[in-house]
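Peer 1: Here's my sequence, what's the structure:
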Amino acid sequence: MIHPMGSDKPTRPGGYATAAAPGNFLLASSENAHWIQDVTDPLADDFRNLKEPGPQLSREGPFFVVEGPEAIRLLLASDFAVTKLLLKPSLLDSMAEALESRLKRETSAGADAQVMLLLCDAGIMEQVTGIPAKHASAALAIARRRAPCCLQEIPQFAAGATFRALALERGLDEESVGALFRVAAAFGVSVVLCDSECGDPFHRRAVRVSMGHVLRVPFVQGCLHDLLGELVAADVQTIAVCDGLHETGSYLDELTELQSRWACFVGVDGGVQEPLAKLCRSCI
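Peer 2: Numbers count the residues shown, from 1 in each chain. Below you'll find the predicted structure:
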């Protein structure tokens, strides 16, 4: 486990000590803090070759990777189960407060802290992960995916309350998905609806581009046509974003009525494809 260690400093191989975290809280112990000195160390296997991840990190797998200090802070503040962190030593102090808060929360809940902390120099980290260990990629975490949810599990949808949804059509890649989650977080949407053939919201690139907001905004993944049917049945106003040449489209400022319960559908480049757009109440 990661324990408060008093004033003693964990010693790095080579003789010098890591800096103390705020409040004399040190993120190290004999059990759950380790220096990775060998590229073949099995403790780092979960982070290996992240450009071509194995089945454990696939959409169907149990885990996903979070990349970058900012996103990892959001992860540690969330209720996602976190198993491992891989950090460059220079980032240890900046992550200390988030790790301390996580430990206190788990301890107060009567649970043992399960986060394994791995420290690794940039050269070895790059050989393990296959990606440059620059600032954003010098902090990595492994977390467990949540079980998929359905629309009825979204409180605002089920209760008939004010409801805002952003729906992502098939064909959007992971980076586009991540960017749209960032937009969704900024506008306070209730849920993001992802077609099963668009990028995985928990893909490493999607989480990174979203700046961690994938961890904050609920999402439902499935056939978008079926999800649209559920929205219509619940009297949710459905709006498709289309290209400027769409015959029935209007500009946003021409939209005469926006209900308290709406869903906005977006697609690749030119907008939502015609078959889906025709099923929506209006096009903009």
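Peer 1: Can you verify Glu126 is assigned to a helix?
Peer 2: Yes: assessed with DSSP: H, G, I helix; E, B strand; the rest coil, Glu126 lies in a helix.
Peer 1: Tell me how many other residues crowd it.
Peer 2: Using other C-beta atoms under 10 Å, Glu126 has 17 neighbouring residues. Any C-beta I mention is one placed from the backbone N, CA and C, and that applies to glycine too.
Peer 1: what bridges to the residue lying closest to Leu258 once chain neighbours are set aside?
Peer 2: Leaving aside its sequence neighbours, Leu258 sits nearest to Gln237 (C-beta to C-beta, 6 or more residues apart in numbering; 7.0 Å). Beta-bridge pairing for Gln237 (DSSP bridges): Trp262.
Peer 1: Same check on Val220?
Peer 2: Bridge pairing for Val220 - DSSP bridges - gives Leu193.
Peer 1: ok, it - contacts?
Peer 2: Val220 makes contacts with 148-151, 154, 191-194, 227, as judged by C-beta atoms under 8 Å, 6 or more residues apart in numbering.
Peer 1: so where do the helices sit in the stretch 101-250 of the chain?
Peer 2: Assigned by DSSP state H, counting those that start in this stretch, the stretch 101-250 of the chain shows helices spanning 122-129, 155-158, 174-186, 204-209, 224-233.
Peer 1: Most tightly packed of these?
Peer 2: helix 204-209 (a mean of 23; mean count of other C-beta atoms under 10 Å).
Peer 1: Output the contacting helices and strands for that one.
Peer 2: Judged by 3 or more C-beta pairs under 8 Å, 6 or more residues apart in numbering; DSSP states H and E, helix 204-209 is in contact with strand 63-67, helix 174-186.
Peer 1: and those as JSON lines, adding mean pLDDT and distance to His34?
Peer 2: Formatted as JSON lines, those follow (pLDDT from 0 to 100; distance: least, C-beta to C-beta, whole Å):
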{"stretch": "strand 63-67", "mean pLDDT": "96", "distance to His34": "18"}
{"stretch": "helix 174-186", "mean pLDDT": "97", "distance to His34": "30"}
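Peer 1: so which of these comes closest to Pro53?
Peer 2: Closest of the helices and strands packed on helix 204-209 to Pro53 is strand 63-67, at 7.4 Å (criterion: C-beta to C-beta).
Peer 1: part of a strand, is Phe265?
Peer 2: Yes: using three-state DSSP, the assignment for Phe265 is a strand.
Peer 1: End to end on stretch 142-162, go ahead and measure it.
Peer 2: For stretch 142-162, the first and last residues are 34 Å from each other (C-alpha to C-alpha, to the nearest Å).
Peer 1: Pull the residues that contact it.
Peer 2: By C-beta under 8 Å, 6+ apart, stretch 142-162 touches 46-47, 61-66, 75, 80-85, 163-165, 190-191, 193, 202, 218, 220-222, 227, 230-231, 234, 236, 260-261.
Peer 1: And these, which of them are buried?
Peer 2: In the contacts of stretch 142-162, burial by neighbour count holds for 46-47, 63-66, 75, 80, 82, 84-85, 163-165, 190-191, 193, 202, 218, 220-221, 227, 230-231, 236, 261, counting by 16 or more other C-beta atoms under 10 Å.
Peer 1: Let me know how buried the closest residue in space to Ala81 that isn't next to it in sequence is, in neighbour terms.
Peer 2: Computed as C-beta to C-beta, 6+ apart, the closest residue to Ala81 that is not its neighbour in sequence is Arg144, at 4.1 Å. Using other C-beta under 10 Å, Arg144 has 12 neighbouring residues.
Peer 1: pLDDT value on Arg144, please?
Peer 2: We note a pLDDT of 97 for Arg144 in this prediction.
Peer 1: distance of it from Phe64?
Peer 2: 8 Å (C-beta to C-beta, to the nearest Å).
Peer 1: cool, Ala44 as well?
Peer 2: Separation of Ala44 from Phe64 (C-beta to C-beta): 17 Å.
Peer 1: I'd assumed Leu279 was in contact with Leu228.
Peer 2: Yes: here Leu228 lies in contact with Leu279, judged by C-beta atoms under 8 Å, at a distance of 5.7 Å.
Peer 1: low-confidence ranges in the protein?
Peer 2: Low-confidence segments of the chain (pLDDT under 70): 1-31, 111-113, 135-136, 244-254, 270.
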